[in-house]
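Visitor: here are the coordinates; sequence isn't available:
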C-alpha cells in the first residue's frame with residue numbers, strides 16, 4: 001500500500017510549512033514557559049518568514065529544471 005504522501009502529485013511546501021507552524025504541539029505534554037511562547041504577532045511574522053523561505057526554495061528548484 002502506498003502512503004498518502006506517495007499518492008499526492010504535488011507537494012506545496014509553503015502550505016505545509018504554514019500548517020506545521022500553526023499546529024499546537026504543546027498539547028502533547030511539553031509546556032513552554034512564558035518567555036518561549038509565541039505571541040500572535042511573532043507567530044504571524046514566523047508564518048511570513050516560512051512562506052518566503054518556501055517560495056525561495058521552490059524558485060531555486062524551478063531554476064534547476066529550466
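Guide: Looks like it arrived, so ask away. Remember, it's a predicted structure, so these values are computed and weren't measured experimentally.
Visitor: any idea how far residue 4 is from the residue nearest the centre of the chain?
Guide: Ranked by distance to the mean C-alpha position of the chain (C-alpha atoms, centre = their mean), the top residue is residue 17 at 1.1 Å. Using C-beta to C-beta, to the nearest Å, we find residue 17 at a distance of 18 Å from residue 4. (Each C-beta comes from the backbone N, C-alpha and C, glycine too.)
Visitor: again with residue 53
Guide: Distance from residue 53 to residue 4, by C-beta to C-beta: 24 Å.
Visitor: Give me the distance from the helix-or-strand element of the chain with minimal mean pLDDT to the chain's centre.
Guide: Least confident helix or strand of the chain, by mean pLDDT, DSSP states H and E, is helix 13-22 with a mean of 76. Its chain's C-alpha centre lies 3 Å from the corresponding centre of helix 13-22 when counted by C-alpha atoms, centre = their mean, to the nearest Å.
Visitor: again with stretch 45-59
Guide: Per C-alpha atoms, centre = their mean, the displacement of stretch 45-59 from the mean C-alpha position of its chain is 9 Å.
Visitor: tell me the mean pLDDT over it?
Guide: Mean pLDDT, taken over the full extent of stretch 45-59, equals 84.
Visitor: So which bits of it are buried?
Guide: Buried positions in stretch 45-59, judged by neighbour count with 16 or more other C-beta atoms under 10 Å: 50, 51, 54.
Visitor: so of those residues, which ones are in helices?
Guide: Here DSSP state H is the test, and those give 50, 51, 54 as lying in helices.
Visitor: The first one reaches residue 22, doesn't it?
Guide: No. Using C-beta atoms under 8 Å, residue 50 is not in contact with residue 22; the gap is 10.1 Å.
Visitor: which residues of this structure fall in helices?
Guide: Secondary structure of the chain (DSSP H): helices at 4-7, 13-22, 40-65.
Visitor: Quick one: residues contacting residue 55.
Guide: For residue 55, the contacting residues are residue 14, by C-beta atoms under 8 Å, 6 or more residues apart in numbering.
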